[in-house]
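*Asks:* let's see this in three dimensions:
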Amino acid sequence: MTGPPRELLEFLGRYDLQVRSLALGLRAVVHEEMAPCHEYIFAMRSKIVLLYGATERVIDDGMCHINVFVRHVNLGFSRGAELDDPRGVLRGTGKAMRHITLKTLSDLNRPEIRTYLREARRHAGLARRHHRTANTIVTKVKPMSPIKQTPGPMRSW
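*Replies:* Got it, this is the predicted structure:
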């Protein structure tokens, strides 16, 4: 796995150390379990989003995603309602998506995280590769948009 892109570190700069560490730790786990895959990173006002997909069309072909919030990080599954969840770990009531909330670094050691990631990968029709290219992650980062200024009243000189 390669280190996080500079832009991701800049996006995460607005969060406290625990949330930054949690987000980067979860990213490492996702990379270990989902590679090879595509990663798309962007910042929104209320969160940082990392999408993972089988192709560069990560929104359409998404397997999972990480959402970084002020106090926690969510690991979401685009087709989470289809995942086997006998213990009711996954949260969400929508038609398709489900997520797990992580609040501490020790949450990264929960074994069901890797289990759900592997199952999401299988649901996407991807077999785990076991050779050198298995760790390939193609990362794209959408630059943060400048803050839009609302134009004031028009002045006539």
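
*Asks:* in this protein, where is pLDDT below threshold?
*Replies:* For the chain, applying pLDDT under 70 flags the ranges 1-2, 127-135, 145-157.

*Asks:* could you pull out the strands for it?
*Replies:* 37-43, 48-53, 62-68, 73-77, 98-102, 137-141 (DSSP state E).

*Asks:* contacts for the third one, please.
*Replies:* Residues external to strand 62-68 that are found in contact with it (Cβ atoms under 8 Å, 6 or more residues apart in numbering): 12, 15, 19, 23, 26-27, 30, 34, 37, 47-54, 73-78, 99, 117, 120-121, 123-124, 126. C-beta here means a position set from N, CA and C on the backbone, and glycine is covered the same way.

*Asks:* of those, buried ones?
*Replies:* Buried residues within the contacts of strand 62-68, counting neighbours by 16 or more other Cβ atoms under 10 Å: 12, 15, 19, 23, 26-27, 30, 34, 37, 47-54, 73-78, 99, 117, 120-121, 124.

*Asks:* contacts only, for Val112.
*Replies:* You called it Val, but residue 112 is Glu. Arg87, Val89, Ile100 are the contacts of Glu112 under Cβ under 8 Å, 6+ apart.

*Asks:* which one is the first one nearest to, not counting chain neighbours?
*Replies:* In this structure, Arg87 finds its nearest non-sequential neighbour in Glu112, 7.5 Å apart by Cβ to Cβ, 6 or more residues apart in numbering.

*Asks:* residue nearest the centroid of this structure?
*Replies:* Ile66 (2.3 Å; Cα atoms, centre = their mean).
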